[in-house]
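Chemist: curious how this folds, go ahead:
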Amino acid sequence: MTTQANRPAGHSAAQARTTILLADDSSAILYEVSTFLQTDFDVVATVSDGAAAVKQIADLQPDVIILDIAMPLLNGIEVAHEIRRRGLSPKIIFLSVEQDRDYVDAAAQIGASYVVKSRMRSDLILAIKETLDGRIFLSVPCQS
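Modeler: Take a look at the predicted model:
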């Protein structure tokens with residue numbers, strides 16, 4: 001498990017930066033995404049499995065969580081269901097190599113956005129902004 005915590009749970013109104021937790025089993029993706037986002041957002045933690053994601057989300061209460069679909073222990077969909085079961089309400093974005101319509105539909109049913117990793121550089125920041133504004137962002141194209 002890789003964990004990076006930059007500050008304690010919660011944040012004051014004076015801290016305007018959106019807090020983000022990243023969960024992906026690829027250390028290269030965690031590094032790339034956190035580096036890419038750190039200019040505009042506060043990446044409060046990076047974790048490499050679903051169980052660690054649930055714990056850190058509960059502890060840190062980030063504004064947005066970015067979850068890989070396929071992770072050890074709990075996959076991203078299971079993490080999303082578990083945090084909702086616990087009454088936690090961060091905005092959710094799935095970041096996945098999968099372009100399968102079933103995954104996109106599962107994300108939409110949870111009220112989550114979905115970004116395909118191949119479109120990460122062009123879509124992820126827009127997805128975060130759209131998600132924070134209460135809209136669902138879906139990368140395209142998604143295959144059936």
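Chemist: okay, buried residues for the helix or strand of the chain with the lowest mean pLDDT please.
Modeler: Lowest mean confidence among the helices and strands of the chain (mean pLDDT, DSSP states H and E): helix 101-110, at a mean of 85. Across helix 101-110, burial judged by 16 or more other C-beta atoms under 10 Å covers Tyr103, Val104, Ala106, Ala107, Ile110. To be clear about C-beta, it is placed using only N, CA and C from the backbone, and glycine gets the same treatment.
Chemist: wait, isn't the second one in contact with Leu138?
Modeler: Yes: applying C-beta atoms under 8 Å as the test, Val104 and Leu138 come out as touching, 6.0 Å apart.
Chemist: anything in contact with each of the two?
Modeler: Tyr114 (C-beta atoms under 8 Å, 6 or more residues apart in numbering).
Chemist: ok so, going back, got the buried residues of helix 101-110 as TSV, with distance to Ala23 columns?
Modeler: Converted to TSV, those look like this (distance: C-beta to C-beta, whole Å):
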residue	distance to Ala23
Tyr103	16
Val104	18
Ala106	16
Ala107	14
Ile110	15
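Chemist: my guess is Ile69 contacts Phe94. True?
Modeler: Yes: Ile69 is in contact with Phe94 according to C-beta under 8 Å; the separation is 5.8 Å.
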